[in-house]
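A.B. asks: this one's sequence-less:
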Ligand SMILES: [Zn+2]
């Protein structure tokens, strides 16, 4: 008998006949999956690269968001995020999730806590000065798409 379900879920024992049904299964059953099955095979990263990346991110945020704008509208910042670096920075966060079939990582930060967490990750407490008097509605989303880039969305 030929195997009619060639798309196994990497997170449980189910298998699927198409990639789209596997994808659907991942969304419904493993929507906030924290497990990256191949994490042991990710190349290790040096402290120097980590620090370098932190500095680049901060510089980029400062130059693109600016310190004087109001908080109206959306800002998108896209970075190339090596997979192992994304895992290193975000895998312990509560907003982290991973979809094996797409090899897609996501990490969502919300509100003041999210702001503080990013400050901790970047080792810069005031990584984004909030000039809005209503202050607490900072919303930041960082996600990696197909290993090609990271999107930062700010409302
Ligand atoms: Zn599954």
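C.D. replies: Happy to help now that I have it. This one's a predicted model, so the numbers in the text were calculated from it and none came from an experiment.
A.B. asks: The longest helix along the chain - contacts with which helices or strands?
C.D. replies: If you go by DSSP state H, the chain has its longest helix at helix 47-65. When contacts are defined as 3 or more CB pairs under 8 Å, 6 or more residues apart in numbering; DSSP states H and E, helix 47-65 packs onto strand 75-79, helix 83-90, helix 111-122. All C-beta atoms are positioned from the backbone trio N, CA, C, and that covers glycine.
A.B. asks: The ion is nearest to which of these?
C.D. replies: helix 83-90 (20.2 Å; CB to the ion).
A.B. asks: Which residues in the closest one does the neighbour count mark as buried?
C.D. replies: For helix 83-90, the neighbour count (16 or more other CB atoms under 10 Å) marks 83, 85-90 as buried.
A.B. asks: How about the residues of the chain by the ion?
C.D. replies: Residues of the chain lying close to the ion (CB under 5 Å from the ion) are 9, 11-12, 14.
A.B. asks: Could you identify the pair within those residues that is furthest apart?
C.D. replies: Spanning the widest gap among the residues of the chain next to the ion are 11 and 14, at 8.8 Å by CB to CB.
A.B. asks: what about the two, which has more around it?
C.D. replies: residue 11 (17 against 14; other CB atoms under 10 Å).
A.B. asks: So that one versus residue 33, what's the distance?
C.D. replies: Going from residue 11 to residue 33 by CB to CB, to the nearest Å gives 6 Å.
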